[in-house]
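*Asks:* Show me how the following folds:
(2 chains)
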Amino acid sequence: MNSFLEWKLALRNLSRNKRRTLSTATALIIAFVGIAVLSGHVYNVHRSVKTSMVYGNRLGHISIFKKDGIDKYELRPDLYEITADELKIVDEIVAGLGDRIEKRGAVLWAPGLLSTGKRSLPVLIAGTDLGMEEYARDHASIQAFVPEFAAMQERPFLFQAVKEVPDAISIARGVRELLGLRRPFGELSSDEKEVVLAARTRERAFNAVNGTIATTHMTGMPFLEDTSIVVPLQLARELVQSQGASHMILFLKNERQTQDTIEKLQSEFDARRLSVEALPFADDRIGLFYNGTMSFLLSIVSFFSVLIIGASVLIIVNSMTMALLERAREMGTLRAFGFTPQRVRGLFVKEAFWLAGISSGIAIVLAEMIGYFVNRMHIMYETPGIVYRTQLRIIIPPWIYLPLTLVIVVIATGFSFWLVRRKTRERIAVLLLESGAAL
Amino acid sequence: MKRVMSVFVLIIVSFASRAWADEAAALLKASDQARGGVAEGLTWDVRLQSWEEGQESDRSFTVRAKDVDALVESRAPAKFKGEVFLFNDRTMWFFKPSLRKPVAVSARQKLAGQAANGDIATTNYARDYVATVEKSEKVNGVPTKVLLLKAKSDQVTYDQIRYWVTEKSKQAVRAEFMTLQGKPFKLATFEYKNTVVANGRKLPFVSKMVIEDVKNKNNRSIMYYTKPRIVAHPAAIFNINNLSR
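*Replies:* Predicted structure coming up:
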């Protein structure tokens, strides 16, 4: 019997006991769909959290801080800011990397006060390069992957408002609530919009500058919503009386080049004896929220995947064991016709391969259908640590189907091989007798 | 009989504690006078020198005070000229001519070095703190009462102060500024070489205050008080609305 006929025979064997085939296939499909849908959800959360961090909160793909600056800048900004001279060299080095950097810009953080003239609120002022603000604030990725975030962003954006009001500032939605500015901006009086920002200068003196509230922004995170103020970099520099920056942010064209870019940058920094460090967005000190969310989600997915796969494997083993017990006579007959034990094993493994392959195909269609309907239902839920409601989306990345199919095929064929091997070692007479007894 | 004795002891203790509290309050009120806490209008100059984490700063102010209000105007260096801190009772404002509005600030915020905003103006500890006498102690051979001051509100400069007031001259010579948990974080010493004449009486007035960080003695501020004089200030200069006009 040639190989083609063996494959054909294996396929035909599936229809010999439909109930058994159906139960095994169902187990395989449930395992496949369960893991695919869970992965689709996690993939979507990963994509949206990352996008809102990298672009929405402008953490970029790479941040460049003074060495230890990320931990110590807040306490000693005079020692841990990147000075104007250092900033020039860093800029030169970054420019030398060519077109792999899509956008770069400096940021100057300053903890301070926002005063309405009657009361003051403690705030975290982020002086931001307006070119970078324009690039990141309404980035296509935000529209595509975090539409809820995009929908809640108020227009005009800061980079647009500054063209009309030079001292325009943007306050987080939570700060706006705290200030009691609930009416639309058009209805607010100039007195309500005019504020003063105060902070400590690099010489540790108290300083203040005028600002005009021109728009609001969303951080997405509760701990920033009540404190975040975004202002043009120049205004922040005037406030703290420094031409430096707390850090520089880089947006890459291809985020897969993050690690390689960091290594190139760091070697250049070290060669130029610059006391700065390049950190990836996923560094715990920068992307703590992202890392925390992803670890939590991955642990949940791993737990459920183990449960699903475990249950499915048990069903598959049970179903296949029963099939083999029932089909011992068939094995004996095939052996009696001259089939070697290897060929008998091959036949059963091919059968399992067909079963896994067909089940995977059905599961892919089913997973896509579930994703489609869930997405159409617009189910909204609240994620801990995020201030806006998120839509439950199942967006299964197509590449995940291949490894999943492989896993399912390996499980099915592997167990089939293991079970048949034991059986085919028995003598033909025993196989025929055993099946007779079973029957 | 036992019951009568218990009531008697309770009455004695209650009277004694009241007397100690009264004594503490009286000492505190008297000590405030030498640190600017007088009802009449008063003006003096302050030079504030600070050393902190290797950085040195030197600033000068003119303080105009009356009752619970004070206006602290920066005089030097030139870049700070025109900046003012206005104290209206316990509310404090910062303003400079380029601003459209004043900034409400806290008395606890650092002004420079170890000196907080609240340290620069008049001292009204009798108004802001509840005092109790802890013990008697000698400081440089001078008998003092050690008072424990607990803040009446969170708007004041320090949560708790241990305050050494001389028994005879009723001047504060030493202070330990403490956290809410009672942990000292700053130490201060005072000198009184100035005098001011009020209502025909010659009153001693603070001439120097040294504030040190408890953990790092190199972080310290010295305030030199000069030219204290009684001046009748118009109420309008303490009105926040007049500053921003």
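*Asks:* From residue B:75, how far out is residue B:42?
*Replies:* The gap separating residue B:42 from residue B:75 is 17 Å, by CB to CB, to the nearest Å. C-beta coordinates here come from the backbone N, C-alpha and C atoms, glycine included.
*Asks:* cool, and residue A:332?
*Replies:* For residue A:332, the distance to residue B:75 - CB to CB - is 110 Å.
*Asks:* Of all the residues in the stretch 251-400 of chain A, which one is nearest chain B?
*Replies:* Closest contact between the stretch 251-400 of chain A and chain B, by CB to the nearest CB, is at residue A:275 (17.4 Å).
*Asks:* where does residue A:107 fall, helix, sheet strand or coil?
*Replies:* The assignment at residue A:107 comes out as strand when based on DSSP: H, G, I helix; E, B strand; the rest coil.
*Asks:* Contacts only, for the residue of the stretch 251-400 of chain A closest to chain B.
*Replies:* For residue A:275, the contact set (CB atoms under 8 Å, 6 or more residues apart in numbering or on different chains) comprises A:66, A:67, A:86.
*Asks:* Just the ones of those residues in helices?
*Replies:* Among the contacts of residue A:275, the ones falling in helices (DSSP state H) are residue A:86.
*Asks:* Between the contacts of residue A:275, identify the one with the most neighbours.
*Replies:* Most neighbours among the contacts of residue A:275, by other CB atoms under 10 Å in any protein chain shown: residue A:66, with 23 neighbours.
*Asks:* pLDDT score assigned to that one?
*Replies:* Here, the pLDDT recorded for residue A:66 equals 96.
*Asks:* With the one 4 residues further on instead?
*Replies:* The predicted local distance difference test score for residue A:70 is 90.
*Asks:* So which bits of the host helix or strand of it are buried?
*Replies:* Per DSSP states H and E: residue A:70 is located in helix A:69-72. Within helix A:69-72, the residues scored as buried using 16 or more other CB atoms under 10 Å in any protein chain shown are A:69, A:70.
*Asks:* Which elements pack onto it?
*Replies:* Judged by 3 or more CB pairs under 8 Å, 6 or more residues apart in numbering or on different chains; DSSP states H and E, helix A:69-72 is in contact with helix A:77-80, strand A:276-280.
*Asks:* mind running it again at 10 Å?
*Replies:* Applying 3 or more CB pairs under 10 Å, 6 or more residues apart in numbering or on different chains; DSSP states H and E, one finds that helix A:69-72 makes contact with strand A:62-66, helix A:77-80, strand A:276-280.
*Asks:* and the angle from the first one to strand A:276-280?
*Replies:* Here strand A:62-66 runs at 150 degrees with respect to strand A:276-280, directions being taken by axes from the mean of the first three to the mean of the last three CA atoms, to 10 degrees.
*Asks:* Report the strands that pair with strand A:62-66, each with its relative direction.
*Replies:* strand A:247-252 (antiparallel), strand A:276-280 (antiparallel) (DSSP bridges).
*Asks:* what's the helix or strand that comes right after the first one packed up against?
*Replies:* Reading on from strand A:247-252 to the C-terminus, the next helix or strand found by DSSP H and E is helix A:258-271. The elements that helix A:258-271 packs onto, with contact taken as 3+ CB pairs under 10 Å, 6+ apart, are strand A:62-66, helix A:84-95, strand A:247-252, strand A:276-280.
*Asks:* And residue B:85, which helix or strand is it part of?
*Replies:* strand B:84-88.
*Asks:* Quick one: mean pLDDT for that strand?
*Replies:* pLDDT averaged over strand B:84-88 gives 91.
*Asks:* go on, stretch B:120-128?
*Replies:* 80.
*Asks:* Tally up the residues packed near the residue in the stretch 101-250 of chain A that chain B sits nearest to, please.
*Replies:* The nearest approach of the stretch 101-250 of chain A to chain B comes at residue A:117, 3.2 Å away (CB to the nearest CB). Using other CB under 10 Å, the number of residues around residue A:117 comes to 20.
*Asks:* Got the confidence number for the residue nearest to it when sequence neighbours are not counted?
*Replies:* Computed as CB to CB, 6 or more residues apart in numbering or on different chains, the closest residue to residue A:117 that is not its neighbour in sequence is residue B:101, at 3.2 Å. Note for residue B:101: predicted pLDDT of 92.
*Asks:* Doesn't residue B:101 belong to a helix?
*Replies:* No. Under three-state DSSP, residue B:101 falls outside any helix and is assigned coil.
*Asks:* shouldn't it be in contact with residue A:212?
*Replies:* No. Between residue B:101 and residue A:212 there is no contact, the gap being 11.4 Å when judged by CB atoms under 10 Å.
*Asks:* so residue A:237 sits in a helix?
*Replies:* Yes. Under three-state DSSP, residue A:237 sits within a helix.
*Asks:* okay, and for the chain, where does confidence drop off?
*Replies:* Answering for chain A, as no chain was given. A:1, A:435-439 (pLDDT under 70).
*Asks:* Chain B, not that one
*Replies:* Ranges of chain B meeting pLDDT under 70: B:1-21, B:37-39, B:122, B:244-245.
*Asks:* Run through the helices of it in chain order.
*Replies:* Under DSSP H, chain B gives helices at B:2-33, B:117-120, B:125-128, B:240-243.
*Asks:* And the stretch 301-439 of chain A, by the same measure?
*Replies:* Remark: helices assigned in the stretch 301-439 of chain A by DSSP state H, counting those that start in this stretch are A:328-336, A:341-376, A:401-424, A:428-438.
*Asks:* possible to save those helices as a markdown table with mean neighbour count and distance to chain B?
*Replies:* Compiled in a markdown table, the helices of the stretch 301-439 of chain A are given as follows (neighbours: other CB atoms under 10 Å in any protein chain shown; distance: least, CB to the nearest CB, whole Å):
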| stretch | mean neighbour count | distance to chain B |
| --- | --- | --- |
| helix A:328-336 | 20 | 79 |
| helix A:341-376 | 18 | 49 |
| helix A:401-424 | 18 | 55 |
| helix A:428-438 | 14 | 80 |
